[in-house]
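A.B. asks: one predicted model, sequence on top.
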Amino acid sequence: MAHYGGTTEVETKADDSPLTKADRDSEVVLLAALRDFAPDIPIVSEETAADRTAPLGARFFLVDPLDGTKEFIKKRTDFTVNVALIEEGVPRFGLVYAPARALLAVTTADGVAIEAEMAPDANGADLEALDRKRLHARQGDPNGLTALVSLSHLDEETEKFLEGFNISERYGAGSSVKFLEIARGRADVYPRFGPTMEWDTAAGQAVLEAAGGHVVDPSGARFRYGKTREGLRNASFIAWGRTVLTPR
């Protein structure tokens, strides 16, 4: 968070997305920690992923050191750090940390999702020592759903999808915060038809699913990972709370 309060120098990547020193510094710390913790598991991270079409094997980490760089640059609070462990195409572990909100969400060994308050300067904090709360996605009310949409990538297809449901409230957010809002029982649906990469979504999906929610493709199948033929690009998906609904 040392970069958050000061002037942010921004580079532009080949895909026209922004890159900051915070992205790079966060990645260095995360990769070192993961290599120390699990040296035999490959790591795919946004800023250092060279060959995105190479086979990954059955287990690998997906890391986004700063998800929501645009929000970070604007000094908003809805940016996150994402870490996921993929096994056989499914996110088995997920950690999403929103430092500006002091909010940590993580899956546990017994398959549930918890949240805890953790300040950005809490280096080496013991998760067991934090005040933890279990996350529960809610049962959506078909007569009045709360929808989340992307702040930066709202498109016509998303609007058309939402027209098929009774939406009583909608609001925008950046990064994996959208998954957390559903996992915390504050919203019901987040459709995404615009571009994302696997490291953008895997950790949030793991947390949401452990909270009782669902992330599916437009056919209703569980959203999966390790799509190296597509260069780790995601297709469209819909994140739901406990209820997966169909358009009216």
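C.D. replies: Nice, I can see it.

A.B. asks: what does stretch 160-172 contact?
C.D. replies: Applying C-beta atoms under 8 Å, 6 or more residues apart in numbering, the set of residues contacting stretch 160-172 from outside is 142-151, 154, 189, 191, 193, 238, 245, 247-248. Backbone N, C-alpha and C define where each C-beta goes, glycine included.

A.B. asks: so which of those sit within strands?
C.D. replies: 145-150, 189, 191, 238 (DSSP state E).

A.B. asks: and the longest helix seen in the chain, what does it pack against?
C.D. replies: The helix that spans the most residues within the chain, counting by DSSP state H, is helix 21-37. The contact analysis (3 or more C-beta pairs under 8 Å, 6 or more residues apart in numbering; DSSP states H and E) places helix 21-37 against strand 43-45, strand 59-67, strand 80-87.

A.B. asks: let's have those strands in JSON lines, adding mean pLDDT and mean neighbour count.
C.D. replies: Output for those, formatted as JSON lines (pLDDT from 0 to 100; neighbours: other C-beta atoms under 10 Å):
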{"stretch": "strand 43-45", "mean pLDDT": "93", "mean neighbour count": "20"}
{"stretch": "strand 59-67", "mean pLDDT": "95", "mean neighbour count": "25"}
{"stretch": "strand 80-87", "mean pLDDT": "97", "mean neighbour count": "24"}
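
A.B. asks: can you redo these as CSV with distance to Glu209?
C.D. replies: Output for the helices and strands packed on helix 21-37, formatted as CSV (distance: least, C-beta to C-beta, whole Å):
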stretch, distance to Glu209
strand 43-45, 20
strand 59-67, 15
strand 80-87, 11
